[in-house]
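Visitor: Here's my sequence, what's the structure:
(chains A and B)
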Number of protein chains: 2
Amino acid sequence: MTIAGKQLINGEWVDGRGGTYQAIDPSTGAKLDPVLTMASAEQVTCAVVAAQEASSAFRHASLDKRASFLRACADEIMALGDTLVLRAMAESGLPRVRIEGERGRTCGQLNLFADTVLEGTFLDVRIDTALPDRQPFPRPDLRYMNQAIGPVVVFGASNFPLAFSAAGGDTASAFAAGCPVLVKGHSSHPGTCELVAQAIDKAVKSSGLPAGVFSLLMGSGREVGAALVVAPEVKAVGFTGSFGGGMALVELAAKRKEPIPVFAEMGSINPVVLLPETLAANAEKIAEGFVGSLNMGVGQFCTNPGLVLAIEGEAMNRFINRAADCLAQLPAGVMLNEGIQQAYDKNVVAIASQYGVEKKAIGKDRGDNPGFCGQPTLLTVSAADFIANPELTEEMFGPAALVVKCRDLGEMESAVKGLRGQLTATIHAAEGEMSGYSELIDLLTQRVGRILVNGFPTGVEVCHSMVHSGPFPACTDARFTSVGTAAMNRFLRPVCLQNYPKELLPEPLQDNNPLTIWRLVNGKLSKEML
Amino acid sequence: MTIAGKQLINGEWVDGRGGTYQAIDPSTGAKLDPVLTMASAEQVTCAVVAAQEASSAFRHASLDKRASFLRACADEIMALGDTLVLRAMAESGLPRVRIEGERGRTCGQLNLFADTVLEGTFLDVRIDTALPDRQPFPRPDLRYMNQAIGPVVVFGASNFPLAFSAAGGDTASAFAAGCPVLVKGHSSHPGTCELVAQAIDKAVKSSGLPAGVFSLLMGSGREVGAALVVAPEVKAVGFTGSFGGGMALVELAAKRKEPIPVFAEMGSINPVVLLPETLAANAEKIAEGFVGSLNMGVGQFCTNPGLVLAIEGEAMNRFINRAADCLAQLPAGVMLNEGIQQAYDKNVVAIASQYGVEKKAIGKDRGDNPGFCGQPTLLTVSAADFIANPELTEEMFGPAALVVKCRDLGEMESAVKGLRGQLTATIHAAEGEMSGYSELIDLLTQRVGRILVNGFPTGVEVCHSMVHSGPFPACTDARFTSVGTAAMNRFLRPVCLQNYPKELLPEPLQDNNPLTIWRLVNGKLSKEML
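Guide: Okay, the predicted model is just below:
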């Protein structure tokens, strides 16, 4: 379990031939040992070919085998022990409790996907049996089932060194679908990626799967990332990161001879709407919860609440004042890397300098903290100025939020109409209060993947019912979530077998339903045999 | 029930302000009365705004109401009686039996979608109930459900004046999903479009739905079509037609401020593989069935079998000779319009003039038939020449096929490897014969949406298990079918409600499951109440 700075290609750990670099500890700015290598374009090709060669065997592996492999990945990640936790802490600047929690989430989701694979509903099996005597034409026997689309490229995200990285949600869902995965690890936490890849490599080998099922390639997005996206064998891309990064991949993918989907989650300002009755009763309490959510993980969550909408008045002022007081007490926090911290500072200045924006509070300055620190910031603006200036809907990515002061409900609705797609919207409401705001709620719902009441959007539950997605530009395809078991749907496509020989049908389509899974048989869901 | 050449915009029948034209009877080349109008760009905008305004009410309409509306569409289409049948025959050159059959399919699919709406599984309801005592964090109550994405643009196809047109599969599936539809009718059968739109208009009004739920706009793809695709209110596009037409829409949609998906089905050559044992036993019978499928509808089906692969030998020669004999007896058939006939002639010449291609048979010439006639054509080529020349995989769209003569299985596999995405592949095999060809079958399966055994690909059953889709370039998104009930998935996206007030939950998410639909509750499918 040592970090050697190597690439995992077709089951072999090899030095990359695309140059060297070192990871940086964002809490000190110091380089971390050892020196690491980056993959070359030729090495990318080798990995992609191995993934393609592994595709058929992995696709045809039994659901049992696929589930056991997912569980083995989780077990091997846990077996890395503190080596993994310490390296992830060093590379991310995140505290132990967060890294251990994230490891729990990462392994939990691998195991949840294992359960989901065995349950089998993701296959969406549909059978319409033959009707040989139907007039004017007989109906053939038709059997429909989802199957893996082939090799998937996963871009690790900076902000979740475990849960959205080498063995994160994209990888887990692609494995669950039966797709080989090629990870382009994030250079913010390369050692973490390598350790996790060692764990997956062990799981691949102990499960008897072909080596090409998983590869790790380190290097820049422009070189290694682009080479992966344009490789003809690749069938889809999963990405979490910036709008610019995501759209660059979308363009590359669209220009291929065979265009492929890029499932990019590209950020969000996650509006929080405070309705008057609850605001009057709970302004201070909501303000405290809000600042806690805003500053969680130094604001580096896709679901960070970066926008608050409230109707002007005494209660709104109490909310703003209390939020300002809480925020002013917060220390500057170490951000994930220097680039993120610099972008955050730049984005805050850009928003704060717009017409009508006031700076209500800032957190403590970095003092003598040598790390890449971001200072919490609370801004306000009138709804009129907000509506007039689309720049104010840009994400700051960090612990900064903008409070939009609306004269009335009509202005609040206009402000919401100006919002583009978002991952989440939050409504704070007293009991029974929401029923008076159906138009506002409808406007919000049309713009988001998840709408939550009397809570805060940070903290994305990994379960069957999660939607971590939203209309463009939050995501490239609002029909698919990247968190939760439905994330598998991105990497599946249906194939119909017509009048297929019974003895060659895959298990899920066999008459006697040997896996005892749910199937839509002649329009009725059932676990019965035919 | 007269054809007035008008546009249906926001429930009003109005003259188009984009020019006039007349439909053409392809069996005579004569113009059909009356003179028809085309929509202007401003009229497109009016229709799109009306669709947007209708979106919320239609999305929130009960499943009962949506199902009744779909049935009313079917009833009103039937009520058009022979007026519709005769006009569709005149505009398409297709015989009565085909038009009546297609009308049955069109109404049948509207009714099947009604059943599917009521059954409710398409909503993919998922509920994870709150776990307030869970450590380290409580789990909130999370409820997931598909909802309509908003206005959908449907491009009518030339080759199915009813089943892929104004009230065809795209429209029916979008309605079933709860999306308003804007149809850009095909100029090959504008009167048919108008009559069908009159039927839908009646159904909209009798169902008490907002007028913007359905619009019909006639005109060119470059003007009316493009204006529809770039309208900001539009959320998806359904298209069946040429590769060039489909990709032009994809490009337009990708350049929007909010890119939207274009579900384009762009054709296929639908390979038919003849395995040796069945070929030896049944060469002549397969040849007869093949020629019947090839010439059905004058070859103008997306699933037309345009490519045959067989291993050289006496049996293959018998197949080719019998197919040639059958085909030589066939009359030239009236094609759907002059453009299609001219493109067919050009495509056949282009393929026939490639290196190594031999013309084995042609059907009878048009004689004194005044219509736009296409002559059936059978071509052959060696697998070596086929593999060397990707031009030979281009679709001819008409009653022409190319037989690829393979020296052995290896060459047949190589030929299959050179195929791009297809809607279907067909395998003819004796009992037990397929088990010896797993590699070949896997190669075929990876390239298609439907694989069928001992049949022919024409005749697409509308049912739950149909897949009418395939990897690019057959379709733009192989994850979604355009025929069958799964076609609804194109127009749905999931939304998650977290800790939502019980009294405001939509019916499918309510604790007591008032619609008695299947729901995934804490990971288990169930129709139970919570």
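
Visitor: quick one: secondary structure of the spatially closest residue to residue A:98 that is not a sequence neighbour?
Guide: Nearest residue to residue A:98, sequence neighbours excluded (C-beta to C-beta, 6 or more residues apart in numbering or on different chains): residue A:297, at 6.8 Å. (Each C-beta comes from the backbone N, C-alpha and C, glycine too.) What DSSP: H, G, I helix; E, B strand; the rest coil gives for residue A:297 is helix.

Visitor: Report the separation between residue A:297 and residue A:111.
Guide: 24 Å (C-beta to C-beta, to the nearest Å).

Visitor: count of neighbours near the closest residue to residue A:142 other than its chain neighbours?
Guide: Distances taken as C-beta to C-beta, 6+ apart put residue B:465 closest to residue A:142, at 4.1 Å, once the chain neighbours are dropped. With neighbours defined by other C-beta atoms under 10 Å in any protein chain shown, the count for residue B:465 comes to 31.

Visitor: Quick check, pLDDT for residue B:465.
Guide: Note for residue B:465: predicted pLDDT of 98.

Visitor: What is the three-state secondary structure of it?
Guide: Secondary structure state of residue B:465, per three-state DSSP, is coil.

Visitor: doesn't residue A:130 make contact with it?
Guide: No - at 11.5 Å, residue B:465 does not count as touching residue A:130 under the criterion of C-beta atoms under 8 Å.

Visitor: Between residue A:297 and residue A:111, tell me which one has more neighbours.
Guide: Counted by other C-beta under 10 Å, residue A:297 and residue A:111 do not tie: residue A:297 has more neighbours, with 21 against 16.

Visitor: Could you list the low-pLDDT ranges of chain A?
Guide: Chain A contains no residues with pLDDT under 70.

Visitor: Who are the packing partners of the biggest helix by length in it?
Guide: Identified as the longest helix of chain A according to DSSP state H is helix A:96-119. Where contact means 3 or more C-beta pairs under 8 Å, 6 or more residues apart in numbering or on different chains; DSSP states H and E, helix A:96-119 is packed against helix A:63-79, helix A:81-92, helix A:169-177.

Visitor: Tell me how far the shortest one lies from the chain's centre.
Guide: The chain centroid and the centroid of helix A:169-177 are separated by 12 Å under C-alpha atoms, centre = their mean, to the nearest Å.

Visitor: Measure how that helix sits relative to helix A:63-79, angle-wise.
Guide: With axes from the mean of the first three to the mean of the last three C-alpha atoms, to 10 degrees defining the directions, helix A:169-177 sits at 150 degrees from helix A:63-79.

Visitor: and the angle for helix A:169-177 with helix A:96-119?
Guide: 20 degrees.

Visitor: Output the helices and strands packed on helix A:96-119 in CSV; the columns should cover mean neighbour count and distance to chain B.
Guide: Listed next are those as CSV, based on neighbours: other C-beta atoms under 10 Å in any protein chain shown; distance: least, C-beta to the nearest C-beta, whole Å:
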stretch, mean neighbour count, distance to chain B
helix A:63-79, 20, 14
helix A:81-92, 20, 16
helix A:169-177, 30, 11
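
Visitor: Make TSV out of the ones you listed and add distance to residue A:47.
Guide: Below are the helices and strands packed on helix A:96-119 laid out as TSV (distance: least, C-beta to C-beta, whole Å):
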stretch	distance to residue A:47
helix A:63-79	18
helix A:81-92	23
helix A:169-177	14
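
Visitor: Could I get the contacting residues of the residue in the stretch 251-400 of chain A positioned nearest to chain B?
Guide: Chain B sits closest to residue A:258 of the stretch 251-400 of chain A, with a gap of 4.8 Å, by C-beta to the nearest C-beta. Listed by C-beta atoms under 8 Å, 6 or more residues apart in numbering or on different chains, the contact set of residue A:258 reads A:232, B:420-421, B:471-473.

Visitor: Please type out the PyMOL selection for whichever of these turn out to be buried.
Guide: The PyMOL selection below is limited to those of those classed as buried (16 or more other C-beta atoms under 10 Å in any protein chain shown):
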select buried, chain B and resi 420+421+471+472+473
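
Visitor: I'd guess residue A:302 is in a strand, am I close?
Guide: No - read with three-state DSSP, residue A:302 is coil and lies in no strand.

Visitor: correct me, but it touches residue A:264?
Guide: No - using C-beta under 8 Å, residue A:302 is not in contact with residue A:264; the gap is 11.4 Å.

Visitor: what touches both of those two?
Guide: residue A:240.

Visitor: Next, the angle helix A:81-92 makes with the longest helix of chain A.
Guide: Using the same axes, to 10 degrees: helix A:96-119 against helix A:81-92 is 110 degrees.

Visitor: what residues does helix A:96-119 touch?
Guide: Contacts of helix A:96-119 (C-beta under 8 Å, 6+ apart): A:63-64, A:66-68, A:70-71, A:73-75, A:77-78, A:84-85, A:88-89, A:92, A:94, A:122, A:160-163, A:167-169, A:172-173, A:175-176, A:297, A:462-464, A:485, A:488, A:517, B:136, B:523.

Visitor: Then stretch A:347-365?
Guide: By C-beta under 8 Å, 6+ apart, stretch A:347-365 touches A:295, A:320, A:323-325, A:327-332, A:375-382, A:384-386, A:388-389, A:391-392, A:394-400, A:402-403.

Visitor: Look up how far residue A:267 lies from residue A:343.
Guide: 11 Å.

Visitor: neighbour count winner among those two?
Guide: Per other C-beta under 10 Å, whichever of residue A:343 and residue A:267 has more neighbours is residue A:267, with 24 against 17.

Visitor: Go ahead and confirm the more buried one touches residue A:247.
Guide: No - the pair residue A:267 / residue A:247 is not scored as a contact, 11.6 Å apart, by C-beta under 8 Å.

Visitor: Spit out the contact partners of the closest residue in space to residue A:503 that isn't next to it in sequence.
Guide: Nearest in space to residue A:503, with sequence neighbours left out and distances taken as C-beta to C-beta, 6+ apart, is residue B:435 at 7.1 Å. By C-beta under 8 Å, 6+ apart, the residues touching residue B:435 are A:501, A:503-504.
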